[in-house]
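[1] When you get a sec, could you give me coordinates for this:
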Amino acid sequence: MRGERVARALTLAALAFVVVLVLLALPSFADPVFVLINRASEPVTVEMSWPVGQAVEADIPTQNTRELTLPDEGAVIFTVRYASGRHHASEPMYFTRGATIVVDIGDEGPTFRHDTGMR
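    Below is the predicted model of the structure:
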């Protein structure tokens, strides 16, 4: 009887451990998310392109935010085009599954940071 209780407790502990591992691992299978924030004094168009020739484009009014995902991980080039005709292009940056990247667009160009908060 005591052995059955110990076995049951160990089984429940192992099950709880597996559930926690699955919950921690799930975000690493999600597509990369990019949060684009336009803090510039004019509207912008952001193009995210990657080597296989695909591109995603978003028009972002001043003081607005857009959220985009890419269908896979890989190297991405960001090009920001301002309404005035100016533009900034980034070097290729590699992003992995599960990453959330905040692209803060100002009058001087974009800055990039990883969002470490839970989504």
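[2] can I see the domain layout of this protein?
    For the chain, automatic domain parsing gives the domain ranges 1-30, 31-114.
[3] Rounded mean pLDDT for the first one, please.
    Here the mean pLDDT over domain 1-30 is 71, rounded to a whole number.
[4] Tell me the buried residues in stretch 90-103?
    Neighbour counts using 16 or more other C-beta atoms under 10 Å place 95, 98, 99, 100, 101, 103 of stretch 90-103 among the buried residues. In this view, the C-beta of every residue, glycine as well, is placed from N, C-alpha and C.
[5] just the helices in the chain please.
    2-25 (DSSP state H).
[6] May I ask you to name the longest strand in the protein?
    Using DSSP state E to define each element, the chain has its longest strand at strand 74-82.
[7] what does that one rub up against?
    Under the criterion C-beta atoms under 8 Å, 6 or more residues apart in numbering, residues 40, 42-52, 70, 87-95, 103, 105, 109-110, 112 lie in contact with strand 74-82.
[8] which residue packs closest to residue 92, ignoring adjacent ones?
    Closest residue in space to residue 92, ignoring its immediate chain neighbours: residue 75 at 4.1 Å, by C-beta to C-beta, 6 or more residues apart in numbering.
[9] Show me what the one you found is bridged to.
    residue 94 (DSSP bridges).
[10] what about it, neighbour count?
    By the criterion of other C-beta atoms under 10 Å, residue 75 has 13 neighbours.
[11] Now residue 49: closest residue in space, sequence neighbours ignored.
    Nearest non-adjacent residue to residue 49 (C-beta to C-beta, 6+ apart): residue 55, at 4.0 Å.
[12] Check the domains of the chain for me and report the most buried one.
    Ranked by mean neighbour count under mean count of other C-beta atoms under 10 Å, the domains of the chain are led by domain 31-114, which reaches a mean of 15.
[13] follow-up on the earlier one: chain center to the longest strand of the chain: distance?
    14 Å (C-alpha atoms, centre = their mean, to the nearest Å).
[14] CA atoms only for it, dumped as PDB, please.
    C-alpha atoms of strand 74-82 as PDB (Å, rounded to 0.1, in the frame of the first residue of the first chain):
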ATOM      1  CA  GLY A  74      16.600  33.100 -41.300                       C
ATOM      2  CA  ALA A  75      18.500  36.200 -42.200                       C
ATOM      3  CA  VAL A  76      16.300  39.300 -42.700                       C
ATOM      4  CA  ILE A  77      17.100  42.700 -44.200                       C
ATOM      5  CA  PHE A  78      15.000  45.600 -43.000                       C
ATOM      6  CA  THR A  79      14.500  48.600 -45.300                       C
ATOM      7  CA  VAL A  80      12.700  51.600 -43.900                       C
ATOM      8  CA  ARG A  81      11.400  54.100 -46.500                       C
ATOM      9  CA  TYR A  82      10.300  57.500 -45.100                       C
END
